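Colleague: Sequence and predicted structure are below.
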Amino acid sequence: MKSVCEEKNFQSLYNHHIKEVRNFLYYKCGNYDLSDDLAQESYIKMWENCAEVIFESAKGFLFTVANRLFLNKVRRDKVELNFIKEKPASKNNETPEFLMEENEFKSKLEAAISALPEKQRTVFLMNRIDSMPYKEIASTLEISVKAVEKRMGLCLKTLKNNVEELRMRKI
Amino acid sequence: MKEENSNIIYSKWLNNELTEEEVVSLKDSGDLDTLQDIINEVDSWNTPEVQSDFESLKSKIASRKTKGKLISLYQKLAIAASLLLFVGLGIGLLNSETETVYATNFGEVKQITFPDGTKAILNGSSTLSFVEDNWKEERLVKLDGQAFFDINVKGQFEVEINNGTINVLGTKFDVLTNDEYNIVKCFEGKVGVKTLKIDEIIVKGQGVDSENRMFNIVERGANWTSDYTKFVNAKLVEVLGALSLKHGFQIDYKSIKIDQKKFTGQFSNLDADLALKMVFKPLGITYSVKGKKVVLK
């Protein structure tokens, strides 16, 4: 059995999940610097308790600690999320392009996502940005797949309505 | 179709779990285009890489391990130091290492420059000390009272406060520390604060007090270096602390509840009587003054 207390195992957990943990915190608090710090803090907590953490469930442990750190430290302000655009979005042929410039669409969508309830927002972004399947999100956050589906559904509906409204106004 | 079902359909569509028929009916409803646009856009996004790497985590863990010992050792030394060292600008001997001590009287403000060019401004009734010979190996400052720091060179920099340490990660910050409480405010960069109750990292625009309450700060730098000490929505305990540092008052506030009281305004650093009026009048607190003793009612 792999021990979390062994440095090479601990390091591999770091390399595999540090960005996911940091992103998870970012989706909640909207501050990259703070998220970096709290993510590292989560690993320190895991190191301090390495003997009690089972390697296979280490990821869940990290997210649980990260969430607790977030709840303890961060006031629940409004967040304003910003992302880096890595590639142009693949175009849907049927999109009437003139309705919304791409950059404007990005910032409007970022604002709409930032305004979502925290739990929906987090699940949605874990799925899209960190490419985690529903099942993995469910096990990581210790919720049911049904709950993930529900949050995703609610979130997609809100975003769809927001975008439709924006487009109506444009016309 | 029930409302909830229609939502689940969206999430199943995104997860490719719908039958062909279901996709067709979703397409017919006209929702699919908008949803696809949203997903295409979001899927083109990413977040920046994490700033800190595994090596920095390792060194953090290593420094945590030794810190527990360090604090208790230094606490003992601090007690010894407070017995040994005299008040006023002077030099004391401690464990045969020469410690440079700066101390201010109430109302006095002193500028200090450390060997590496780091600057500190020491508020009144405060004591700051460090070992100059060790400065290259260990930038460690002991503080009782209040000081504003502007760190010049990046790297390890520690401030020892009552019952704890502040670990500096390259920054400007303000520390108020005495027997009763600590308040740390960060104006630039990041600051790690560790006491018996706190283990926090605060960033620009945040402050933390000894009860582990985080708060936002509005000011951009130390609020006490000019002719007035200024506050925005500050806890009364902080204001009373500042009054003591500046004017040497001993303030007895046992008979009033100061926990909920907040103060926005300023007081004179030059005129002690005026300073009391400027704080307590707007708060509707009456007080009596006998010499340097102030009793709040």
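Modeller: Perfect, I can see it now. Numbering: from 1, shown residues only, chains lettered A, B, ... in the order given.
Colleague: residue in chain A nearest to chain B?
Modeller: At 3.1 Å from chain B, A:Gly153 is the closest residue in chain A, using Cβ to the nearest Cβ. C-betas here are computed from N, CA, C, even on glycine.
Colleague: Helices of chain A, start to end?
Modeller: A:7-29, A:32-48, A:58-73, A:102-114, A:118-128, A:134-141, A:145-170 (DSSP state H).
Colleague: How far off centre is the helix or strand of chain A with the lowest mean pLDDT?
Modeller: Ranked by mean pLDDT, DSSP states H and E, the helix or strand of chain A with the weakest confidence is strand A:84-85, at a mean of 85. Centroid displacement of strand A:84-85 relative to its chain, using Cα atoms, centre = their mean, to the nearest Å, is 15 Å.
Colleague: picking that back up, what about the residue nearest to the residue of chain A closest to chain B when sequence neighbours are not counted, which SS state?
Modeller: Among residues not flanking A:Gly153 along the chain, B:Asn7 sits closest, at 3.1 Å (Cβ to Cβ, 6 or more residues apart in numbering or on different chains). With DSSP: H, G, I helix; E, B strand; the rest coil as the basis, B:Asn7 sits in helix.
Colleague: Surely B:Asn7 is in contact with A:Thr158?
Modeller: No - using Cβ atoms under 8 Å, B:Asn7 makes no contact with A:Thr158, being 9.5 Å away.
Colleague: which SSE is the residue of the stretch 101-250 of chain B found nearest chain A in?
Modeller: Closest to chain A within the stretch 101-250 of chain B is B:Ile201: 4.7 Å, counting by Cβ to the nearest Cβ. Assessed by DSSP states H and E, B:Ile201 sits inside strand B:199-203.
Colleague: ok, and what's touching that strand?
Modeller: Contact with strand B:199-203 is made by A:31, A:33-34, A:37-38, A:41, A:73, B:169, B:184, B:186, B:189-194, B:208, B:212, B:214, as judged by Cβ atoms under 8 Å, 6 or more residues apart in numbering or on different chains.
Colleague: List buried residues within those residues.
Modeller: A:31, A:34, A:37-38, A:41, A:73, B:169, B:184, B:186, B:189-194, B:208 (16 or more other Cβ atoms under 10 Å in any protein chain shown).
Colleague: Would you convert the helices of chain A into CSV that also reports mean pLDDT?
Modeller: Output for those, formatted as CSV (pLDDT from 0 to 100):
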stretch, mean pLDDT
helix A:7-29, 93
helix A:32-48, 92
helix A:58-73, 89
helix A:102-114, 88
helix A:118-128, 95
helix A:134-141, 93
helix A:145-170, 90
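Colleague: Could you export these as CSV, including distance to B:Val237?
Modeller: Listed next are these as CSV, based on distance: least, Cβ to Cβ, whole Å:
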stretch, distance to B:Val237
helix A:7-29, 28
helix A:32-48, 26
helix A:58-73, 22
helix A:102-114, 35
helix A:118-128, 32
helix A:134-141, 39
helix A:145-170, 42
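Colleague: if I pick B:Ala149, what's in contact with it?
Modeller: Careful, residue B:149 is Phe; it's not Ala. B:118-120, B:141, B:159, B:168, B:171-175.
Colleague: what bits of chain B have low per-residue confidence?
Modeller: Low-confidence segments of chain B (pLDDT under 70): B:1-5, B:65-97, B:170.
Colleague: In three-state terms, how would the most centrally placed residue in it be classified?
Modeller: The geometric centre of chain B, computed from its C-alpha atoms, lies nearest to B:Val184 (Cα atoms, centre = their mean), at 2.6 Å. Following three-state DSSP, the label given to B:Val184 is strand.
Colleague: May I have the beta-bridge partners of it?
Modeller: Applying DSSP bridges to B:Val184 gives these bridge partners: B:Val175, B:Val208.
Colleague: Hmm, it is touching B:Gln206, no?
Modeller: No - between B:Val184 and B:Gln206 there is no contact under Cβ under 8 Å: 9.2 Å.
Colleague: Other residues contacting stretch A:60-76?
Modeller: A:13, A:17, A:21, A:24-25, A:28-29, A:34, A:38-39, A:41-43, A:45-46, A:53, A:118, A:139-142, B:200, B:214, B:216.
Colleague: Provide a PyMOL selection command restricted to the buried entries of those.
Modeller: In PyMOL syntax, the buried subset of the contacts of stretch A:60-76 is picked out as below (16+ other Cβ under 10 Å):
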select buried, (chain A and resi 13+17+21+24+25+28+29+34+38+39+41+42+43+45+46+53+139+140+141) or (chain B and resi 200)
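Colleague: Common neighbours of B:Asn7 and A:Thr158, please.
Modeller: In terms of Cβ under 8 Å, 6+ apart, B:Asn7 and A:Thr158 are not both contacted by any residue.
Colleague: Now do the buried residues in stretch B:12-26.
Modeller: B:12-15, B:18, B:26.
Colleague: I meant to write stretch B:218-237 there.
Modeller: Across stretch B:218-237, burial judged by 16+ other Cβ under 10 Å covers B:222-225, B:228-231, B:234-237.
Colleague: count of neighbours near the residue nearest to B:Gly164 when sequence neighbours are not counted?
Modeller: Once flanking residues are discounted, B:Gly164 sits nearest to B:Thr195: 2.9 Å by Cβ to Cβ, 6+ apart. B:Thr195 has 20 neighbours, counted by other Cβ atoms under 10 Å in any protein chain shown.
Colleague: quick one: B:Thr195 from A:Leu71, how far?
Modeller: 21 Å (Cβ to Cβ, to the nearest Å).
Colleague: What strand or helix carries B:Leu35?
Modeller: Using DSSP H and E, B:Leu35 sits in helix B:31-43.
Colleague: Alright, I will stop here.
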